[in-house]
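Undergrad: fold the stuff below for me.
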Amino acid sequence: MDVTYNFSNKVVLITGGTGALGSTLVKKFIDSSALTISTFVNDPGAEKLKTANHKLELIKLDITKEEQILKTIPILVEKFGKIDILVNLVGGYLGGKAAVELAESDWTAMMDLNLKSAFLISKYVIPIMKSGKGGNIVHISSRTGLKSDGYDSAYAASKAGLIRFVEATSQELHGDNINVNCILPTIIDTEANRRAMPNADFKKWLSKEDLANVILFLCSSASKVINGAVIPTYGIS
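TA: The predicted model follows:
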């Protein structure tokens, strides 16, 4: 049975919240009475998500672009007054290439999507949390950030860097009532992943619901003693 949370009077910013995991998380936050904001870039499913969750605020924002964040965050603060929770779902995967086969653009793309994005959104949301009553930040790393099986060096390096970033920022924010944590999923059971790997054993994959429940816990007052944690969410694979 799912644990129920009460996020009333909380403003939640979810970056990249229009994807498979994001859609599940958005619904859970809205059902928990949070004022929920999701960013998107060029996702055709954004309006569908908005229709299904009419209380959702959709914001077009590329968090790899500092100038866009500089314009958007003040608008959000003016409209909503604060940001209590940040869940950063923005990321991407590139595999199947040895390091010597990677183009520089491949490397840059992984660093931008998985690491630079986390740095930039944190840089501008943390001061908002400091000026309020604190907050919770959750980033999505990967088990690959701890150990790579090869042919994914750019992805692995970016996710490993994200783990160190979480550890560093959590230490910097001691005393500010801001908790920063990350989770380490493996393959998530989504329609896109099933299409990409049709012969895989889907039962071993991590469900969106289970992963979303972990994120909600980390954003709740029940997790106030957890800070700087790198939490395995491996499923049974």
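Undergrad: what's the lengthiest helix in the chain packed up against?
TA: Under DSSP state H, the helix in the chain containing the largest number of residues is helix 153-172. Counting contacts by 3 or more CB pairs under 8 Å, 6 or more residues apart in numbering; DSSP states H and E, helix 153-172 packs against helix 104-111, helix 117-131, strand 135-140, strand 178-185, strand 230-233. Backbone N, C-alpha and C define where each C-beta goes, glycine included.
Undergrad: show me what the last one is packed against.
TA: Packed against strand 230-233 by the contact rule (3+ CB pairs under 8 Å, 6+ apart) you find helix 153-172, strand 178-185, helix 208-218.
Undergrad: and the second one, by the same measure?
TA: The criterion is 3+ CB pairs under 8 Å, 6+ apart, and the helices and strands that helix 117-131 contacts are strand 11-15, helix 66-80, strand 85-88, strand 135-140, helix 153-172, strand 178-185.
Undergrad: hmm, back to that, tell me which of the helices and strands packed on strand 230-233 lies nearest to Phe40.
TA: helix 208-218 (17.5 Å; CB to CB).
Undergrad: chain center to the closest one: distance?
TA: 11 Å (CA atoms, centre = their mean, to the nearest Å).
Undergrad: and the contacts of it?
TA: 2-3, 5, 20-21, 24-25, 28-29, 32, 87, 136, 138, 179, 181, 183, 185, 188-190, 223, 226, 231, 233, 235 (CB atoms under 8 Å, 6 or more residues apart in numbering).
Undergrad: got it, and stretch 190-199?
TA: So stretch 190-199 is contacted by Gly19, Ala20, Leu21, Ile187, Ala200, Phe202, Trp205, Lys208 (CB under 8 Å, 6+ apart).
Undergrad: if we use 10 Å, what do you get?
TA: By CB atoms under 10 Å, 6 or more residues apart in numbering, the surrounding residues in contact with stretch 190-199 are 19-21, 23-24, 93, 187, 200, 202, 205-208.
Undergrad: stretch 40-59 now?
TA: So stretch 40-59 is contacted by 11-20, 22-23, 26-27, 29-31, 33-39, 60-65, 68, 72, 75-76, 79-80, 90 (CB under 10 Å, 6+ apart).
Undergrad: quick revisit: quick one: buried residues of the longest helix of the chain?
TA: 153-163, 165-167, 169-170 (16 or more other CB atoms under 10 Å).
Undergrad: which residues of this protein score low on pLDDT?
TA: Along the chain, segments meeting pLDDT under 70 span 1-2, 235-237.
Undergrad: contact partners for the residue located most distally from the centre of it?
TA: Going by CA atoms, centre = their mean, the residue of the chain most distant from its centre is Val100, 29.6 Å out. By CB under 10 Å, 6+ apart, the contact set of Val100 is Ser153.
Undergrad: circling back: now render the helices and strands packed on helix 153-172 as TSV, adding mean neighbour count and distance to Thr51.
TA: Shown next, in TSV, are the helices and strands packed on helix 153-172 (neighbours: other CB atoms under 10 Å; distance: least, CB to CB, whole Å):
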stretch	mean neighbour count	distance to Thr51
helix 104-111	15	31
helix 117-131	19	26
strand 135-140	26	25
strand 178-185	22	28
strand 230-233	16	30
